[in-house]
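*Asks:* could you look at this predicted model? Sequence included:
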Amino acid sequence: MTVARDFLNSLRTGLRHCDLHSTRVLIGVSGGADSVALLRGLLELRDEFSLTLHVGHLNHQLRGAASDADADWVRNLCESNSVPVTIGIGGLNLPQSGQGVEEAARDARHQFLNESAAQSGCQAIVTAHTADDQVETVLHHLFRGTGLSGLRGIPAIRSTASGIRLVRPMLSIRRELVETYLVKIAQTFCTDATNADTTLTRNWLRHKLLPDLNSQFGPHVSQSVLRLAEQAAEIEQTLTCLAERLLDQVLLDAQPDAVRLDTRPLADQPVHLVRELFRAIWQRQQWPRQAMGSTEWNRLAQVALDGGDANLPGQIRARQNPPGLMLVEKTNRQTAVRS
């Protein structure tokens, strides 16, 4: 079974890249082809990597009886393979900010998987994002307006706010191989009818834009986008390392609600590196970055290099405090400044 061997070899490579071994993992399984292939592949490789498996499935209740049927199908699949499963149930509360259904559903899944992993004692969450998902994500970021991190696309490894690792070992595997693998092992899966709805951005990219690009430029468009994502990730990693070193050089004091910098060494640094320094601060402080866009990062760099002050998302304020810069959470500003 060459196809099955090819899929398992690719998954094996992804697991090694993600350094996933000797651990308890929560697998996000929607019932679709990608996540079912991930589960079946991990069942084949769990002894080799000393993995303990647990499955998480969130029923968004967006498709009525069909959503319930998918949840029952996933439960039966897990029971037939003796894998414990946590089924979550909950609708979506779309915020007033205009967040779309796709984004809200993704955020709800991440929250559910993180909570389920913590409750079941899992050290890692594994999701079934493929190379095709990577291509679609990079294009989506590009059209929305993105920086270098957006061109990087989906990271193979990252840590959640609670410290649990989120890993994607299938990012080098094409969807075609996934589906062929399932056919070869005679494994069925669920089909979400909404995946054909091209009014949803992800589906439009998959079913409309990418076929048009392949028709216009040839069948290697996806591979070109994947190479761009790899190069962006390499460059971003280099910038992150440089920014971390620079931050260690200029950091005067850091508290949970305040950071004080000596900005004098920043005068000779390129602006893009100064922006990366502030991203590193937000990362270390675990301050919310979702609302921080290019305008906010540029404003911070301007304050650091030219003076002034700025009010930022997350109730954070930046202001010159010669010979440096203070970053303070607004709700704790007075206490932090006195310290």
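*Replies:* Here it is on my side, so go on.
*Asks:* low-confidence ranges in this protein?
*Replies:* 1, 91-99, 331-339 (pLDDT under 70).
*Asks:* how does it divide into domains?
*Replies:* Listed by automatic domain parsing, the domain ranges of the chain are 2-219, 234-338.
*Asks:* okay, those in TSV with mean neighbour count next?
*Replies:* Every C-beta, even on glycine, is put in place using the N, C-alpha and C of the backbone. Shown next, in TSV, are the domains of the chain (neighbours: other Cβ atoms under 10 Å):
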stretch	mean neighbour count
domain 2-219	17
domain 234-338	16
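*Asks:* and of those domains, who's closest to Leu228?
*Replies:* The stretch from the domains of the chain with the least distance to Leu228 (Cβ to Cβ) is domain 2-219; that distance is 6.2 Å.
*Asks:* find the nearest non-adjacent residue to Thr13, please.
*Replies:* The spatially closest residue to Thr13, leaving aside those adjacent along the chain, is Ser172, at 7.1 Å (Cβ to Cβ, 6 or more residues apart in numbering).
*Asks:* so the one you found sits in a helix?
*Replies:* No - read with DSSP: H, G, I helix; E, B strand; the rest coil, Ser172 is coil and lies in no helix.
*Asks:* before we move on, back to that, TSV for the domains of the chain, including distance to Leu228?
*Replies:* Shown next, in TSV, are these (distance: least, Cβ to Cβ, whole Å):
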stretch	distance to Leu228
domain 2-219	6
domain 234-338	11
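*Asks:* quick revisit: close enough to count as contact, the residue nearest to Thr13 and Ala131?
*Replies:* Yes - the pair Ser172 / Ala131 is scored as a contact, 5.8 Å apart, by Cβ atoms under 8 Å.
*Asks:* where along this protein do the strands fall?
*Replies:* All strands of the chain, identified by DSSP state E, fall at 23-28, 51-59, 85-89, 124-126, 157-159, 165-167, 251-255, 258-262, 309-312, 316-321, 324-329.
*Asks:* Throw those strands into a markdown table and include distance to Gln111, thanks.
*Replies:* Converted to a markdown table, the strands of the chain look like this (distance: least, Cβ to Cβ, whole Å):
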| stretch | distance to Gln111 |
| --- | --- |
| strand 23-28 | 12 |
| strand 51-59 | 9 |
| strand 85-89 | 9 |
| strand 124-126 | 11 |
| strand 157-159 | 15 |
| strand 165-167 | 12 |
| strand 251-255 | 28 |
| strand 258-262 | 28 |
| strand 309-312 | 24 |
| strand 316-321 | 23 |
| strand 324-329 | 23 |
